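Engineer: After the sequence you'll find the predicted model.
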Amino acid sequence: MSNYTPTLTASAGSTKDSTHATILANELGTEFDNIQTAVNSKKDSSAIEAVATGGTGASTAATARSNLGAAASGANTDITSIALAGLCDLSNAAAGQIKFPATQNASVDVNTLDDYKEGTFTPTIASTSGSITSYTVTSATYTKIGRLVFVDCGFNITNGGTGSGSLTVSGLPYTSGSNGPIATGRETNSTNKVIAGVVNTTQILQVAFYDNTYCGTTGYVLRLSFSYYV
């Protein structure tokens with residue numbers, strides 16, 4: 001121990017020979033006190049350990065981060081990746097959140113989750129023949145996880161005008177990666193009939209009643225849910 005200097009010597013009352021000494025009890029007590037003082041000094045929490053010997057070289061967190069080349073608290077932009085061999089457990093994190101960039105950094109790795117978004121969109125309702133005079137959108141939300149988009153939307157036909165054929169819902173939050181994803185829902189005000197639709201690659205959902213009759217008549221209240229891959 002670098003900060004401990006032995007002080008033990010044989011007293012006048014001790015007996016000794018050339019290889020060992022019999023030391024009085026009071027001398028042992030003094031020596032133990034000296035050892036304890038040295039140990040307490042070593043474990044002093046206020047002591048600053050140099051970076052070169054495994055410490056931070058600082059007495060404050062801010063200085064320690066600077067000495068170690070780390071980013072400021074709450075701005076750990078210097079960490080570019082974390083490799084874990086086991087479970088990634090966020091249950092004790094105060095925020096409990098994972099944030100993705102506003103613009104997706106797409107990955108071709110099938111085991112990489114590269115995007116998450118929650119939002120709203122503004123759909124446009126029309127008919128394939130004639131025209132709808134007015135409608136009200138009551139909800140239009142989506143959640144995107146990776147390539148998969150979940151959509152929920154509702155609208156009321158306040159004036160069906162001359163519309164006929166099928167309804168179209170355009171302006172979906174993302175373009176579908178293929179034609180064919182199915183949407184289902186119900187008209188809840190007048191007929192209570194099931195409605196169904198198909199999403200295509202031009203961001204349009206085409207909708208009709210399950211029996212292929214028109215679902216855009218005045219007073220109809222429609223609600224749809226569907227998902228598709230981008």
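Structural biologist: Thanks, I have the structure now. Values in this document were obtained by computation on a predicted structure and should not be read as measured data. Residues are numbered from 1 along each chain as shown.
Engineer: which ones are touching the residue nearest in space to the middle of the chain?
Structural biologist: Centroid-nearest residue in the chain: residue 98, 0.9 Å away (criterion: C-alpha atoms, centre = their mean). Listed by C-beta atoms under 8 Å, 6 or more residues apart in numbering, the contact set of residue 98 reads 90, 116. C-beta: built from backbone N, CA, C; applies to glycine.
Engineer: Please, where are all the helices along this protein?
Structural biologist: Counting by DSSP state H, the chain has helices at residues 25-42, 61-68.
Engineer: so what does the shortest one touch, helix or strand wise?
Structural biologist: Using 3 or more C-beta pairs under 8 Å, 6 or more residues apart in numbering; DSSP states H and E as the contact criterion, no secondary-structure element is in contact with helix 61-68.
Engineer: got the CA positions of that helix in CSV?
Structural biologist: This file holds the C-alpha atoms of helix 61-68, laid out as CSV (Å, rounded to 0.1, in the frame of the first residue of the first chain):
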residue,chain,number,x,y,z
ALA,A,61,-20.0,14.3,-14.1
ALA,A,62,-19.7,17.0,-16.8
THR,A,63,-15.9,17.0,-16.4
ALA,A,64,-15.7,13.3,-16.4
ARG,A,65,-17.7,13.0,-19.6
SER,A,66,-15.3,15.6,-21.2
ASN,A,67,-12.2,13.7,-20.0
LEU,A,68,-13.5,10.4,-21.3
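Engineer: So for that helix, mean pLDDT?
Structural biologist: Averaging pLDDT along helix 61-68 gives 72.
Engineer: What of stretch 212-223?
Structural biologist: 97.
Engineer: in that stretch, what counts as buried?
Structural biologist: Within stretch 212-223, the residues that qualify as buried are 214, 215, 216, 218, 220, 221, 222, 223, counting by 16 or more other C-beta atoms under 10 Å.
Engineer: And the contacts of it?
Structural biologist: Residues contacting stretch 212-223 (C-beta under 8 Å, 6+ apart): 125, 127, 132, 139, 152-160, 163-167, 185-191, 193, 195, 207-209.
Engineer: distance between that stretch and the chain's centre?
Structural biologist: Offset of stretch 212-223 from its chain centre (C-alpha atoms, centre = their mean, to the nearest Å): 40 Å.
Engineer: now do the same end-to-end measure for it.
Structural biologist: Start to finish, the residues bounding stretch 212-223 are 17 Å apart (C-alpha to C-alpha, to the nearest Å).
Engineer: again with stretch 193-204
Structural biologist: Terminal-residue distance, stretch 193-204 (C-alpha to C-alpha): 22 Å.
Engineer: So, low pLDDT: which residues of this structure?
Structural biologist: Residue ranges of the chain with pLDDT under 70: 1-29, 31-33, 35-47, 51, 54, 65, 68-80.
Engineer: how about 90 then?
Structural biologist: In the predicted model of the chain, residues 1-112, 179-180, 202 satisfy pLDDT under 90.
Engineer: Tell me which stretches of it form strands.
Structural biologist: Applying DSSP state E to the chain gives strands spanning 15-16, 21-22, 116-120, 124-129, 134-145, 148-159, 164-170, 182-187, 194-199, 204-209, 221-229.
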